[in-house]
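Novice: sequence plus the predicted model coming up.
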Amino acid sequence: MDIGKIELQIQDIGAEELERYKEIIFALLYCGGLSGVKNGRTVIHFDEQGIFKGIQLDYWPFRRRTS
């Protein structure tokens, strides 16, 4: 196992679609949207043609705790 390497194998898709998946996974990892959001959510945005446009993180970086 190589550290820092993710291998994605999906059957019956073309190279272009595989590149789309890789871009989305990279963006999720880069911004912390896959494992860095606690008590929040990650939203993946696409345009009307289904083209990946971005990632929105929705969480509270600070919240006063009630006793």
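Specialist: Looks like it arrived, so ask away. Numbers count the residues shown, from 1 in each chain.
Novice: so residue 43 belongs to a helix, correct?
Specialist: No - looking at residue 43 with DSSP: H, G, I helix; E, B strand; the rest coil, it is strand, so not inside a helix.
Novice: who are the contact partners of it?
Specialist: Contact analysis of residue 43 by C-beta atoms under 8 Å, 6 or more residues apart in numbering lists 55-58. C-betas here are computed from N, CA, C, even on glycine.
Novice: make a markdown table from the residues you listed and add neighbour count to it.
Specialist: Below are those laid out as a markdown table (neighbours: other C-beta atoms under 10 Å):
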| residue | neighbour count |
| --- | --- |
| 55 | 17 |
| 56 | 12 |
| 57 | 14 |
| 58 | 10 |
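Novice: in strands, which of those residues appear?
Specialist: Counted as lying in strands by DSSP state E, out of these, are 55-58.
Novice: a markdown table for those, including pLDDT and distance to residue 24?
Specialist: As requested, the ones in strands among the contacts of residue 43 are exported to a markdown table (pLDDT from 0 to 100; distance: C-beta to C-beta, whole Å):
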| residue | pLDDT | distance to residue 24 |
| --- | --- | --- |
| 55 | 97 | 8 |
| 56 | 97 | 13 |
| 57 | 96 | 14 |
| 58 | 95 | 18 |
